[in-house]
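>>> Starting from these lines, generate the structure:
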Amino acid sequence: MFGRWLGNRLGNRTNRVARAGALSAFTVPPNAGALSCRVLDPVNEPVRNAEFVVSDAVGRKVVGGGTDPFGSFVTTVPAGEYRLAVSAEGFTPYRASVTVGEDAHASLGDVTLQVAQPPVLPRPGEWEVDPQHSSVGFSARHIGLARIHGRFNSFAGVIRLGERMEDSAMHVVIDAASIDTAVKMRDDHLRSGDFLDVARFPTMEFYSDRFVHKGGSRWAISGGLTLHGVTRTVTLDAEYLGIGQGLEGETRVACRASTELHRDDFTITWQTMLARGIAAVGHSIQVDLDIQVIPKG
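You can find the predicted model right below:
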């Protein structure tokens, strides 16, 4: 445990060093202290890759990260008052306040996360995407530097929810010509034969009948994406956000999802090479969806 490794007090050198075991090279800067804990589930098994965020007294994030394979984390922060939040998929978040002293080790010991109640699933039946409260966005690397962001403004979709969510299916159609990166010249090029070739392939379509529960609110939705006349299997990493009520009292269901596409897989191979071989447009496209659906008609 980090508390035993680090001890109650750290060294007195300018760059103070914990002199024990595997952490003998662990340094603590001047005017700082160490903060640690171990995250366990209700049967005392470590929760690996739990996320922690340390914020200051006014809520500004100071540091964050994930627990190691043993459910532990240790970090150094300037001496002061902090709030710690620990979260993991399928568990209720844990929050605590802690004081970190200068040249001291604040250990919260073992933190046990409680299993969260699963979100209520929507009723079976036909649902349709509400395009006014949904978005289909993407981003791609430009000349090896910043990412260019865009979206598709016109799309429609239906989802048939089964008695079991695993028996559901969905079909989404996107108008390829509705691509929008806020630069007309670039959008015209993306619509051309060099990229989407919307004259020949006016729509993109995704169909799936494979919904796999990954735990908690996470789902994997796998299906065929047809783009540029080519169909490939794509898996969406989806998060179910729950059921709500709209302003007019209508029932709404929300989720978000993401995936990464490789344009070479869809024979979108146009490329201009700049000096030193830097590609003008990256080969990977990040797709991010924020979707709301409502009962169909």
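>>> what's around the nearest residue to residue 114 once chain neighbours are set aside, how many residues?
Beyond its immediate neighbours in the sequence, the residue positioned closest to residue 114 (Cβ to Cβ, 6 or more residues apart in numbering) is residue 92, lying 4.8 Å away. Just so you know, the C-beta spots here come from the backbone N, C-alpha and C atoms, and that holds for glycine as well. Residues within reach of residue 92, counting by other Cβ atoms under 10 Å, total 11.
>>> wait, doesn't residue 92 sit right on residue 113?
Yes: with contact defined as Cβ atoms under 8 Å, residue 92 reaches residue 113; the gap is 6.6 Å.
>>> So the protein: which segments form each domain?
Domain segmentation of the chain under automatic domain parsing yields 2-112, 125-295.
>>> quick one: average confidence on the longest one?
By that I understand domain 125-295. Regarding domain 125-295, the rounded mean pLDDT is 87.
>>> related to what we said a few turns ago, could you dump the domains of the chain to CSV with distance to residue 118?
Converted to CSV, these look like this (distance: least, Cβ to Cβ, whole Å):
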stretch, distance to residue 118
domain 2-112, 8
domain 125-295, 7
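>>> Ok, which of the ones you listed comes nearest residue 119?
Of all the domains of the chain, domain 125-295 sits nearest to residue 119, with 5.0 Å by Cβ to Cβ.
>>> residue ranges for the helices of the stretch 51-200 of the chain, please.
184-191 (DSSP state H, counting those that start in this stretch).
>>> Just the strands from it, written as ranges.
Secondary structure of the stretch 51-200 of the chain (DSSP state E, counting those that start in this stretch): strands at 51-55, 61-66, 72-78, 80-87, 94-100, 105-112, 125-129, 135-142, 147-152, 155-161, 169-175, 179-180.
>>> nearest to residue 222, of those strands?
The closest of the strands of the stretch 51-200 of the chain to residue 222 is strand 169-175. By Cβ to Cβ, the value is 11.0 Å.
>>> What residues sit buried inside the closest one?
Neighbour-count burial for strand 169-175, counted by 16 or more other Cβ atoms under 10 Å, picks out 169, 170, 172, 173, 174.
>>> so who does the closest residue to the third one other than its chain neighbours touch?
Which is residue 172. Excluding the flanking residues, the one nearest residue 172 by Cβ to Cβ, 6+ apart is residue 157, at 3.7 Å. For residue 157, the contacting residues are 128, 129, 170, 171, 172, 173, 291, 293, by Cβ atoms under 8 Å, 6 or more residues apart in numbering.
>>> ditto for residue 77
Contact analysis of residue 77 by Cβ under 8 Å, 6+ apart lists 32, 33, 35, 54, 62, 63, 100.
>>> does it have beta-bridge partners, and which?
In this entry, residue 77 is beta-bridged to residue 33, by DSSP bridges.
>>> Please report how far it lies from residue 67.
Separation of residue 77 from residue 67 (Cβ to Cβ, to the nearest Å): 17 Å.
>>> cool, residue 295 as well?
With distances taken as Cβ to Cβ, residue 295 is found 41 Å from residue 67.
>>> quick one: which of the two has more around it?
residue 67 (21 against 14).
>>> Burial check on the closest residue to the more buried one other than its chain neighbours, number of neighbours?
Spatial nearest neighbour of residue 67, chain neighbours left out: residue 50 (4.6 Å); criterion: Cβ to Cβ, 6+ apart. Neighbours of residue 50 under the rule other Cβ under 10 Å: 25.
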